[in-house]
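Asks: okay, sequence plus prediction incoming.
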Amino acid sequence: MVSAFGQAVLRAAAGVEPRSRRVRAREARIAQTTTFGAAQGAPAAPRPAPNPNRPYGYFGADLVAKYAPDVAITALGVRQEHFRGGTGEEWAWPKILPMWWHYRNPVSGRTPELFMPDCTPCELAPDLSMTKHGYVLPPAGPVKSDE
C-alpha cells in the first residue's frame, strides 16, 4: 500500500494534478447521476411544460415582422454604409466607421463632407423631422457679431 505522500509523488510524476477528498467525492456523485439529477438507470425526469403566460422574446426577423420600423436601416443607403445591418460591406473594429456631422464648422463655416442637416431618416420620411414638431434647428455657420 502506497502512502498519501507516495500517491501524490506518483500523480506528480504522471502529470496528474492532486485532488482533494472533496473533489473526488463530488466527481463520484456526478458520475452516478445523469441529466436532471436522475440516478443512472432511472428514467430521466420529464421536462416541465412551457408556461403559456410567459412573454415571447422576439429576435431578428421575428422582431422586424412583429414591430416593423418606420424606416429600415437598409433603406437609408449611404447613410448606413459599413454599419452593422446597413448597406455595403460591414466594417468591424479596428476600422473606423464614417462620421456624420449635423452642423457646419463653427469657426470656418465649412460644410463637412458627410453632412446631415436634419435627422437620419428625414430624407425618406420627412414627417419624422423634429422641425415638423416645433423644434428649431440651431444656426449653421459662423454668425457675425454686432461689435
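Replies: Structure's in. What do you need?
Asks: residues touching Val64, list them.
Replies: By Cβ atoms under 8 Å, 6 or more residues apart in numbering, the contact set of Val64 is Ala72. Just so you know, the C-beta spots here come from the backbone N, C-alpha and C atoms, and that holds for glycine as well.
Asks: and it, what element?
Replies: helix 60-66 (DSSP states H and E).
Asks: buried residues, stretch 73-85. List them.
Replies: Residues Ile73, Ala75, Leu76, Arg79, Gln80, His82 are the ones in stretch 73-85 that count as buried (16 or more other Cβ atoms under 10 Å).
Asks: how does this structure divide into domains?
Replies: 4-37, 69-133 (automatic domain parsing).
Asks: what about the longest one, average pLDDT?
Replies: So that's domain 69-133. The pLDDT scores in domain 69-133 average 83.
Asks: show me where the protein has helices.
Replies: Secondary structure of the chain, counting by DSSP state H: helices at 4-14, 21-32, 60-66.
Asks: quickly, which of those helices bottoms out on average pLDDT?
Replies: Among the helices of the chain, helix 4-14 carries the lowest mean pLDDT (a mean of 68).
Asks: give me the most central residue, this structure.
Replies: Residue closest to the average C-alpha location in the chain (Cα atoms, centre = their mean): Arg84, at 10.8 Å.
Asks: now it, nearest residue through space, not along the chain?
Replies: The shortest distance from Arg84 to any non-neighbouring residue, by Cβ to Cβ, 6 or more residues apart in numbering, is to Glu90 (5.6 Å).
Asks: with Pro98 instead?
Replies: Distance criterion Cβ to Cβ, 6+ apart; nearest residue to Pro98, sequence neighbours excluded, is Leu114 at 5.7 Å.
Asks: for the residue nearest to Lys95 when sequence neighbours are not counted, give me its contacts.
Replies: Counting by Cβ to Cβ, 6+ apart, Lys95 lies nearest to His82, which is 7.7 Å off, once chain neighbours are set aside. Listed by Cβ under 8 Å, 6+ apart, the contact set of His82 reads Gly88, Glu89, Glu90, Trp91, Lys95, Leu97, Pro98.
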